[in-house]
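>>> Give me coordinates for this.
(4 chains)
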Number of protein chains: 2
Amino acid sequence: MTTQSDDTQPSAPRTSPPGPGSAALGRPTLQQVAALAGVSRATASRVVNGGAGVRLHVQAKVRKAVEELGYVPNPAARTLMTRRHDAVAVVVAEPESRVFSDPFFAQQLRGIGRELSAAAVQLVLLLVTDAGDYAQVGRYLAAGHVDGALIFSLHRDNPLPVMVDRLGLPVVYGGRPEWGEPGSIPLYVDTDNRGGARAAAEHLVARGRRRIAVITGPLDQTSSVDRLDGFRDVFPNFPDSDPDLLVEGDFTAPGGRRAMERLLDRSPDLDAVFACSDLMAAGALAVLAERGLRVPEDVAVVGYDDSDTAAQWASPPLTTVRQDIEEMGRLMARLLLNRLQLEFDGRPDEAAALTSVVTPAELIVRRSS
Amino acid sequence: MTTQSDDTQPSAPRTSPPGPGSAALGRPTLQQVAALAGVSRATASRVVNGGAGVRLHVQAKVRKAVEELGYVPNPAARTLMTRRHDAVAVVVAEPESRVFSDPFFAQQLRGIGRELSAAAVQLVLLLVTDAGDYAQVGRYLAAGHVDGALIFSLHRDNPLPVMVDRLGLPVVYGGRPEWGEPGSIPLYVDTDNRGGARAAAEHLVARGRRRIAVITGPLDQTSSVDRLDGFRDVFPNFPDSDPDLLVEGDFTAPGGRRAMERLLDRSPDLDAVFACSDLMAAGALAVLAERGLRVPEDVAVVGYDDSDTAAQWASPPLTTVRQDIEEMGRLMARLLLNRLQLEFDGRPDEAAALTSVVTPAELIVRRSS
DNA sequence: ATGAAAGCGCTAACAT
DNA sequence: ATGTTAGCGCTTTCAT
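Okay, here's the model as predicted:
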C-alpha cells in the first residue's frame, strides 16, 4: 500500500485521540477513501475529479467508498493546490443605500445567480455601505478569495476600478465604467441608454410635446449622462435652450418628487417630463396629481426601466423604456466566466479579445404619454 | 536559520523555473517574509496574527517585510489549518422569484451585511431558484465552505432545515421555521406577527368597521399563519363566521388584486380589508379604485410591512404595520456570530443557551383607514 | 493505468 | 520569546 511513515500513519502528535486514517470524528479524507477502496490517493483523486484514465472497474470501487464514507472534498485543500476558488465576488457600492431598494439591481443579481449556479460557481456578495468598507473589500479581493469580480453602479470617483486593476483581478462591470487605470480596457455589460432615451424623446415629439423637462440621474454616472445625450440627439440645444427644464435627480422616488416640484415652480408651462427612472417618474406623478395636473392631458410623463412596481402599477401606468435586466446579469456572469476559463486554460490572447456588450432598449407605450 | 532540505530550498521539481522562496512570480509567502525579516516562519505568523508574545522590535522588522513584499496571507492555507472560513452563507429560497422584488428582503440583507462586515466575515449569497438548486446548495454547505448559514422565508416543505440539521451546520433562520429535524431547536429571529396583526384588527374595530376581510399570505409559512392568528385574537370566530371574508394571497401585488376581486364578488358589503403585506394592499387598492369604491370612506385598508414604495407612496398612503427589518437582519447575523464564537472557543453549553429573538411590530396609521 | 513522492502556504504543539 | 517540526487534505509530476 503506502509507506510506513506516510500520512496513513502519521506519528499522531495532534491534540485529540482520533487516530490517523481512522473512522474517528471529523470528515473523511481522500486518504480514507483510497484506503477503503484499496487504491492510492492519486487514483482516488482522479476518480473524484472525473475519473479520466482510470479503469471503470476501479472507478466503481472508489465511488462506492466515497458513497460509503460520505466523502466530500475539502475545498480549502483543493484551492491550495489548484489556485481556483470557483467563486466570484459581486461588489455593490450603495453609498446612498439606494441600490437595494431599486428593483433593477435585484433582477440583475438574479440573472447573475442563475448563470453562476449553472457553472457551479459561488456568488460572494460584497456590500459597500460606507467609505471604510472599500479598504475591507480591497483586502478581501487582494487576499485572493475569488477568481474574479462583478462590479456595479459606479460613480466617477469610485476607487474600485483602480483597485482591481492594480490587483490584476478579472472584472466585468455592470454599466460602462468611467475608466479604470489608464491603459487598461474595462470589460462591461451596458444597455443602450442613449438609444432608449432617444426613443423616449422621439415619442414625446411625435405626441406633439414641445416643452419637455428632463429629470436626469446622478450625472457622475455614465448611464445618466448617456440618457441625457440620447435626449439631446433629438433636442441638440437642450438644455441651453432652456436651463430651467433640466433637473439632476438621484434615481429615487423622493428625489423625483423634489425635482418635479422644482420644475413646476420654474416652468409651470411644461407639457412633458422625461424622468430617467421609473422611481423618479412615480415621484413626479405624485406631485402632478397634487397640483391638479392631469397625466397625460396636461403633462405627459415617460419613465425608464419598466420596473413592474413603479411603472406598471403607477396611475396612469407609465410609458417607459424597457431593458432585459436579468439578461444583462446573465451576460455579465457569462463574460466573466469565459474570461476566467480562457485565462486558466492559458489563452490570454483569446481572453483579451473578449468584448463588452451593449443590450438593446425598447420603448413601452402606456397611458402616461 | 532553517535546515537544508526544508522548503526554503525545496528540490524544485515543479514545472516552472521560479525558484523556492525566490522573488519570482506569484504572491509572496510567509516564508519569504520570514526570510526577509530574518526570523522563523512561526514568528512571522505570530506577528501577522496580532503579534502576541513577540518583542515589538521583532514585530517591526516583520511588519516592514510584510509591507515591502506586499504580503497578504493565503486564506485557503489558513483555512486548511484553522478550519475557519470567516464566511457565512445567506440562503434565499425564492421559488416564486418573489423574495427579491420584495423590499423586505433587501433591507434584511443590508442589516446582515452591515453586521458581518463589522466582524470581517464574508457573506456568501446562495440563491435557490429552482428545485434542482437545493442539491447544489446542499453540496456547497456540506463541503464546508462556510462557518454557518442564515436561511430565509421557508415554506413548510422546504428541505433546507433538515439538510443543515444533518450537517450540524450552525444556522439562524429569518422567521420562525416550521421545525427542523425533530429534537433540534432552531434558532431564529422573527417579528411579532401576531401582535402586529392584532393591532391592525383592533384599529379597524376602533374605526367602527365590522365586515372586515383578510387577505393572508401563503398559509404554509409561519408568518402568514401568525398574522391570521393575531387577527383572530380579536375575531375568534373568523373565518368560520363568514368564510367568504378570507382569501389566501401570495404576498405579491397581482395576488392582492386577484384576492380583492374575489372578495368583492363574494362580499360586496365588506367595509374593510386587512392585507397581510403592503404589496397585496397596493393591489387591493387598485381594484377598489377601479370599482369606484372610496378608501377609507367605503372600504378601509390596512397593510403590513410599511414598505416605503408600496405603503408610503400608495394613494391614499397605507395604514400598516412596521417592523425594524434592517435590525432583524443585524440580529440574525449577530446571533450566528455569537454562536460561532462560542462554539469555536469550546463553550458548546453557552452556545446552546443562545435564544431566539422576536422583535416588536408597530401600527402606523395613515389615511387608508 | 496506477502508485510514490513532493509540496501548495499556513498554524500550532513542542522544545528551547 | 523564538525556532523546529509536523502536518491540514489535496493535486500532480514522474516513474513504473
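>>> in what helix or strand does the spatially closest residue to A:Asn193 that is not a sequence neighbour lie?
The shortest distance from A:Asn193 to any residue other than its chain neighbours is 3.7 Å, reached at A:Asp226 (CB to CB, 6 or more residues apart in numbering or on different chains). C-betas here are computed from N, CA, C, even on glycine. Taking DSSP states H and E as the criterion, A:Asp226 maps to helix A:222-234.
>>> Look up the pLDDT of the residue nearest to A:Asn193 for me, please.
According to the prediction, A:Asp226 has pLDDT 97.
>>> list the contacts for it?
Neighbour list for A:Asp226: A:176, A:193-194, A:197 [criterion: CB atoms under 8 Å, 6 or more residues apart in numbering or on different chains].
>>> Can you tell me which of the residues you listed has the most neighbours?
Among the contacts of A:Asp226, the one with the most neighbours (other CB atoms under 10 Å in any protein chain shown) is A:Ala197, at 30 neighbours.
>>> What score does that residue have for pLDDT?
Here, the pLDDT recorded for A:Ala197 equals 98.
>>> That one - that's part of a helix, no?
Yes: counting by DSSP: H, G, I helix; E, B strand; the rest coil, A:Ala197 is part of a helix.
>>> looking at it, it is touching A:Asp305, isn't it?
No: using CB atoms under 8 Å, A:Ala197 makes no contact with A:Asp305, being 12.0 Å away.
>>> what's the overlap in contacts for these two?
Contacts common to A:Ala197 and A:Asp305, judged by CB under 8 Å, 6+ apart, are A:Val321.
>>> hmm, back to that, present the contacts of A:Asp226 as TSV; the columns should include distance to DNA strand D and secondary structure.
What follows is these, written out as TSV (distance: CB to the nearest atom of the strand, whole Å; DSSP: H, G, I helix; E, B strand; the rest coil):
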residue	distance to DNA strand D	secondary structure
A:Arg176	36	coil
A:Asn193	43	helix
A:Arg194	46	helix
A:Ala197	49	helix
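>>> Could you take the residues you listed and lay them out as CSV, with extra columns for distance to B:Arg209?
Formatted as CSV, the contacts of A:Asp226 follow (distance: CB to CB, whole Å):
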residue, distance to B:Arg209
A:Arg176, 54
A:Asn193, 48
A:Arg194, 52
A:Ala197, 47
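>>> Relative to chain B, which of those residues is nearest.
A:Asn193 (22.6 Å; CB to the nearest CB).
>>> on that earlier part again, if I look at the residue nearest to A:Asn193, how far off is A:Thr216?
10 Å (CB to CB, to the nearest Å).
>>> All the strands of the stretch 251-369 of chain A, residue numbers only.
Assigned by DSSP state E, counting those that start in this stretch, the stretch 251-369 of chain A shows strands spanning A:272-275, A:300-302, A:320-323, A:357-359, A:361-364.
>>> Can you name every helix or strand that the second one contacts?
The reference is to strand A:300-302. Under the contact definition 3 or more CB pairs under 8 Å, 6 or more residues apart in numbering or on different chains; DSSP states H and E, strand A:300-302 sits against helix A:193-206, strand A:272-275, helix A:278-290.
>>> Mind doing that once more with 6 Å?
Where contact means 3 or more CB pairs under 6 Å, 6 or more residues apart in numbering or on different chains; DSSP states H and E, strand A:300-302 is packed against strand A:272-275.
>>> closest to DNA strand D out of the strands of the stretch 251-369 of chain A?
The closest of the strands of the stretch 251-369 of chain A to DNA strand D is strand A:357-359. By CB to the nearest atom of the strand, the value is 31.4 Å.
>>> For the closest one, name the packing helices and strands.
Judged by 3+ CB pairs under 6 Å, 6+ apart, strand A:357-359 is in contact with strand A:187-191.
>>> Up against DNA strand C, what does the stretch 51-200 of chain A have?
Residues of the stretch 51-200 of chain A lying close to DNA strand C (CB under 7 Å from any atom of the strand) are A:53-55, A:57-58, A:77, A:80-81.
>>> So which of those is surrounded by the most neighbours?
A:Val54 leads these on contacts (other CB under 10 Å) with 19 neighbours.
>>> any idea how far it lies from chain B?
When distance is defined by CB to the nearest CB, to the nearest Å, A:Val54 is 22 Å away from chain B.
>>> quick check: angle from the biggest helix by length in chain A to strand A:187-191?
What stands out as the longest helix in chain A, according to DSSP state H, is helix A:325-344. Using axes from the mean of the first three to the mean of the last three CA atoms, to 10 degrees, the inter-axis angle of helix A:325-344 relative to strand A:187-191 is 170 degrees.
>>> so how far is helix A:325-344 from its chain's centroid?
On the basis of CA atoms, centre = their mean, to the nearest Å, helix A:325-344 sits 10 Å off its chain's mean C-alpha point.
>>> got the contact list for A:Val47?
A:Val47 is in contact with A:54, A:59, A:62, counting by CB atoms under 6 Å, 6 or more residues apart in numbering or on different chains.
>>> Same list (these) but as TSV, adding secondary structure.
As requested, those are exported to TSV (three-state DSSP):
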residue	secondary structure
A:Val54	coil
A:Gln59	helix
A:Val62	helix
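>>> Between those, which sits nearest A:Ser184?
A:Val54 (43.2 Å; CB to CB).
>>> Quick check: that closest one touching A:Arg46?
Yes: the criterion here is CB atoms under 6 Å, and A:Val54 meets it with A:Arg46 at 5.1 Å.
>>> quick one, strands of the stretch 101-250 of chain A?
All strands of the stretch 101-250 of chain A, identified by DSSP E, counting those that start in this stretch, fall at A:122-128, A:148-152, A:171-174, A:187-191, A:212-216, A:246-248.
>>> which residues sit against the shortest one?
In other words, strand A:246-248. A:214-216, A:219, A:239, A:259, A:262-263.
>>> switch to 10 Å and redo it
Contact with strand A:246-248 is made by A:213-220, A:224, A:228, A:231, A:238-240, A:255-256, A:258-263, A:266, A:273, A:275-276, A:280, as judged by CB atoms under 10 Å, 6 or more residues apart in numbering or on different chains.
>>> Show me which of those residues are buried.
A:213-218, A:224, A:228, A:231, A:238-239, A:255-256, A:258-263, A:273, A:275-276, A:280 (16 or more other CB atoms under 10 Å in any protein chain shown).
>>> Let me see the domain layout of chain A.
Listed domain ranges for chain A are A:30-82, A:87-190+A:327-359, A:193-322 (source: automatic domain parsing).
>>> Comparing those domains, which yields the minimum mean pLDDT?
Across those, domain A:87-190+A:327-359 gives the lowest mean pLDDT, at a mean of 88.
>>> And it, end to end?
End-to-end distance for domain A:87-190+A:327-359: 26 Å, by CA to CA, to the nearest Å.
>>> just how off-centre is it within its chain?
6 Å.
>>> What of stretch A:75-84?
On the basis of CA atoms, centre = their mean, stretch A:75-84 sits 26 Å off its chain's mean C-alpha point.
>>> what does stretch A:30-38 give?
Its chain's C-alpha centre and that of stretch A:30-38 lie 42 Å apart, by CA atoms, centre = their mean.
>>> buried set for that stretch?
A:30-37.
>>> residue of the stretch 251-369 of chain A with the smallest distance to DNA strand D?
Relative to DNA strand D, the nearest point of the stretch 251-369 of chain A is A:Phe344 (10.3 Å; CB to the nearest atom of the strand).
>>> what's the burial count for the closest residue to A:Arg210 other than its chain neighbours?
Once flanking residues are discounted, A:Arg210 sits nearest to A:Asp271: 6.5 Å by CB to CB, 6+ apart. Using other CB under 10 Å, A:Asp271 has 18 other residues around it.
>>> Start and end of stretch A:66-86, how far apart?
Distance between the boundary residues of stretch A:66-86 (CA to CA) amounts to 22 Å.
>>> Next, see if it gets close to chain B.
Yes: if you take CB under 10 Å from any CB of the partner chain as the test, stretch A:66-86 does meet chain B, through A:70, A:72-83, A:85-86.
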